[in-house]
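J.: Next one to model:
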Amino acid sequence: MLTMFHANPALLDDGMFVVDRKCLQGMQRYAEELDVPITAVHARLLPQERMMDAVRVPVETLPYRVEVVETDAVWRLASHELPRVRRWIAASTLVYHGSFNVGPLCAALNVPEALVAEFDVRSTVKSATLEARNPVVKLVRGARALRDHLALLPSFRRAWSVHCNGYPVFDELASVNPQRRLLFLDSRMTEDLVIDEARLEQRLAARASQRLRLLYSGRYEAMKGALDVVRLGLACIDRGMDIELHLYGQGRQADAMRQLAAAADDRIRVHGAVPYPELVAISRDFDVFVCCHVQNDPSCTYLESFGSGLPIVGYANRMWRGLRRASSVGMQGPLGRIEPLVDALQRYVDEPDRLARDARAARRFALEHSFEKEFAKRTADLRRMLAQAERKSQAQAA
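T.: Numbering: from 1, shown residues only. Modelled structure (predicted):
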């Protein structure tokens, strides 16, 4: 049995499983492609949390077993959950995790571990402390986040493989488990969702007679730089640029964003969240994605924007620096500085050939790193480990 621990929050509600659409689709693919029974363990959705793109499916229709456990806000298992989690791990051929404090249980039970790693230490600490105003609170939150991150190091060292979501954590773990790292780029951008070449060329041909249409989608939170995106739009308007900025998402900064945008005479519009398929359709009519992420997170945003033929102009966090270097698409500016991003957008206005070249390159890169291709890397590695674990188990039984 393969047991997979997911930080993705979920609910079991009267025979229905409620979870993020992307997570559900990924798990269904694992069940299709891995010829083993799978148990997926999710953190229970906390009362203050909301899902961006939730779906409800009958539990009985799932091709795998699902469990929901109580955790705290940083996905540490509640103590009363440990006995049943221990039973699941003991019955497993392989445990795939990256959150929850299950590493010590795997070690104690001598069950092989594979990990998925998403955040480097700087992202972990910054995410925990970004919204703290009191210096003591900031220090305490930072220390706890660092402690939790370091607690995973023994599992990273033991792991038969570490699947690294993005460049920052892949680079960081080079000194921890250099021989057993796998780099992947996470997104929901399947090959059929990538913008059709003819549709992209039609958009590019019409570009000369249109204002520059800017897009942001994602959480309206400080670590995503959502307020800075609105400030960027205002700075473009102040400079006299003919732009229109639309934002799609939800989060704690939504009201402040709408208050700022009110000065833009309807050229900046802050929308609510929309389901992902609808967001893809919307994205194809824009020109550039603006990204003011202040943390080095491996957001799906990057490849999903590329898949709609949108180059990115954004803060030079470590993830975007790495992806820009690999793709040769888009432009970047220093963290927290709006003006260099305005300059970059002005270049796209002044150099439409550059914008068209980057849009085409973005589409090509998205196809080269589609969901199918990136997912296949991980399933192939999981198959290898499951076969290895089975041979180990048989040898021990003999």
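
J.: what domains does the record give for the chain?
T.: With domains defined by automatic domain parsing, the chain comprises 2-185+371-397, 192-368.

J.: Now the helix or strand harbouring Val230: average pLDDT?
T.: Counting by DSSP states H and E, the secondary-structure element that holds Val230 is helix 226-238. Averaging the model's pLDDT scores along helix 226-238 yields 97.

J.: Check which element follows it along the chain.
T.: Going down the chain from helix 226-238, the next helix or strand is strand 243-250, by DSSP H and E.

J.: Using PDB, write down the CA coordinates of that following strand.
T.: As requested, C-alpha coordinates have been extracted for strand 243-250 and formatted as PDB (Å, rounded to 0.1, in the frame of the first residue of the first chain):
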ATOM      1  CA  ILE A 243      -3.300  49.600 -19.400                       C
ATOM      2  CA  GLU A 244      -6.100  47.600 -17.900                       C
ATOM      3  CA  LEU A 245      -5.600  45.300 -14.900                       C
ATOM      4  CA  HIS A 246      -7.900  42.500 -13.700                       C
ATOM      5  CA  LEU A 247      -7.300  40.500 -10.600                       C
ATOM      6  CA  TYR A 248      -9.100  37.200  -9.700                       C
ATOM      7  CA  GLY A 249      -8.900  35.500  -6.300                       C
ATOM      8  CA  GLN A 250      -9.800  35.800  -2.700                       C
END
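
J.: what packs against the helix or strand that it is followed by?
T.: Reading on from strand 243-250 to the C-terminus, the next helix or strand found by DSSP H and E is helix 254-261. In this structure, helix 254-261 packs against helix 226-238, strand 268-271, with contacts taken as 3 or more Cβ pairs under 8 Å, 6 or more residues apart in numbering; DSSP states H and E. Where C-beta positions appear, they are placed from N, C-alpha and C, glycine not excepted.

J.: still on that earlier bit, tell me which of the domains of the chain is the most buried.
T.: domain 192-368 (a mean of 19; mean count of other Cβ atoms under 10 Å).

J.: mind checking the longest helix of the chain?
T.: For the chain, the helix that runs over the most residues, judged by DSSP state H, is helix 371-397.

J.: what packs against that helix?
T.: Against helix 371-397 (3+ Cβ pairs under 8 Å, 6+ apart) you get helix 21-33, strand 94-97, strand 113-117, strand 161-165, strand 181-184.

J.: Check which strands are paired with the third one and give the direction for each one.
T.: What that stands for is strand 113-117. Strands flanking strand 113-117 in the sheet, each with its direction: strand 94-97 (parallel), strand 161-165 (parallel) (DSSP bridges).

J.: so how far is Phe289 from Leu345?
T.: Computed as Cβ to Cβ, to the nearest Å, the Leu345 to Phe289 distance reads 11 Å.

J.: Quickly list what's touching both of these two.
T.: Counting by Cβ atoms under 8 Å, 6 or more residues apart in numbering, the residues touching both Leu345 and Phe289 are 214, 313.

J.: Three-state assignment for Met4, please.
T.: With DSSP: H, G, I helix; E, B strand; the rest coil as the basis, the three-state label of Met4 is strand.

J.: so who does it touch?
T.: Contacts were defined as Cβ under 8 Å, 6+ apart; by that measure Met4 touches 27, 30, 38-41, 95-97.

J.: Name the nearest of the residues you listed relative to Val55.
T.: For Val55, the nearest member of the contacts of Met4 is Met27. The distance, counting by Cβ to Cβ, is 11.7 Å.

J.: my read: that closest one touches Val41, true?
T.: No: the criterion here is Cβ atoms under 8 Å, and Met27 misses it with Val41 at 11.2 Å.

J.: show me where the stretch 1-150 of the chain has helices.
T.: For the stretch 1-150 of the chain, the helices identified by DSSP state H, counting those that start in this stretch occupy 21-33, 82-90, 103-109, 121-129, 135-151, in order along the chain.

J.: roughly how far is the fourth one from the heart of the chain?
T.: Put plainly, it is helix 121-129. Taking Cα atoms, centre = their mean, to the nearest Å, one finds helix 121-129 lying 15 Å from the centre of the chain it belongs to.

J.: Just the C-alpha atoms of it, please, in PDB.
T.: Once side chains and other backbone atoms are set aside, the C-alpha atoms of helix 121-129 remain, and they are given as PDB (Å, rounded to 0.1, in the frame of the first residue of the first chain):
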ATOM      1  CA  VAL A 121      13.800  27.600   4.700                       C
ATOM      2  CA  ARG A 122      13.600  31.300   3.700                       C
ATOM      3  CA  SER A 123      10.100  30.900   2.300                       C
ATOM      4  CA  THR A 124       9.000  28.900   5.300                       C
ATOM      5  CA  VAL A 125      10.100  31.600   7.800                       C
ATOM      6  CA  LYS A 126       9.000  34.500   5.600                       C
ATOM      7  CA  SER A 127       5.500  33.000   5.200                       C
ATOM      8  CA  ALA A 128       5.200  32.600   9.000                       C
ATOM      9  CA  THR A 129       6.300  36.100   9.900                       C
END
